[in-house]
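Colleague: could you work out the structure for the sequence below:
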Amino acid sequence: MTTIVFSGPESSGKTQSCAQIAAAYGCPMVQEYARTYLNRTGGVYGPEDLSRIAEEQLRLQLNAKRSSEAFLFCDTDLLTLIVWQEWVYGSFAAELHQQYVANLPDHYFLCAPDLPWAPDPLRENPDEEERWKIFERHEELITEQQVPFTTLKGTGPERLRSVFHFLDRSG
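Modeller: As a prediction, the model looks like this:
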């Protein structure tokens, strides 16, 4: 099974792109657990909550890997939590980074924040400049681990064409 993760800053099209691709290929999709968790807490969280979110996100991904489908599509992974923890608290937990490195995907689709900001009660960074900095940090960490990635830019249909092109070539 090839694990594909859609990653990037808030409001960059991760969820929509991931859901459309998973549906098109008839393969499993792991939702971003942070949204489920934060909906329960009213959007309130602290450093200890990020550890709980990471643990459950990883559990969901590992369980989904048991499928016999060709692809597993994930709407984010531990990378997003690392970047978020660093952005909000100034550093990330070494244990979280170790878990990330031990569970790297086969490919990332890194979603650029070139789409219009879509307000959402759980989103915290409407500032375009900050979103690009968060994007760049994702890119740095993916590159550091030498995981192949494709940057997705443009409209939803342009992004989907890029994903289909990559998957059809590789699969």
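Colleague: helices and strands of the chain: which one bottoms out on pLDDT?
Modeller: Ranked by mean pLDDT, DSSP states H and E, the helix or strand of the chain with the weakest confidence is helix 156-170, at a mean of 91.
Colleague: helices or strands up against that helix?
Modeller: Where contact means 3 or more CB pairs under 8 Å, 6 or more residues apart in numbering; DSSP states H and E, helix 156-170 is packed against helix 14-25, strand 107-111, strand 149-152. In this view, the C-beta of every residue, glycine as well, is placed from N, C-alpha and C.
Colleague: how about those, which one is nearest residue 162?
Modeller: strand 149-152 (5.7 Å; CB to CB).
Colleague: follow-up on the earlier one: please identify the deepest-packed of the helices and strands packed on helix 156-170.
Modeller: Among those, strand 107-111 has the highest mean neighbour count (mean count of other CB atoms under 10 Å), at a mean of 24.
Colleague: how much space between residue 154 and residue 117?
Modeller: Residue 154 sits at a distance of 16 Å from residue 117 (criterion: CB to CB, to the nearest Å).
Colleague: swap in residue 148?
Modeller: 29 Å.
Colleague: so which of those two has more stuff around it?
Modeller: residue 117 (15 against 11; other CB atoms under 10 Å).
Colleague: that one: helix or strand, and which one exactly?
Modeller: If you go by DSSP states H and E, residue 117 is not part of any helix or strand.
Colleague: got it, and residue 97?
Modeller: Judged by DSSP H and E, residue 97 forms part of helix 94-102.
Colleague: helices and strands around that helix, which ones?
Modeller: Using 3+ CB pairs under 8 Å, 6+ apart: helix 94-102 touches helix 47-64, helix 78-89.
Colleague: need phi/psi at residue 128.
Modeller: phi -60, psi -40 (degrees, to the nearest 10).
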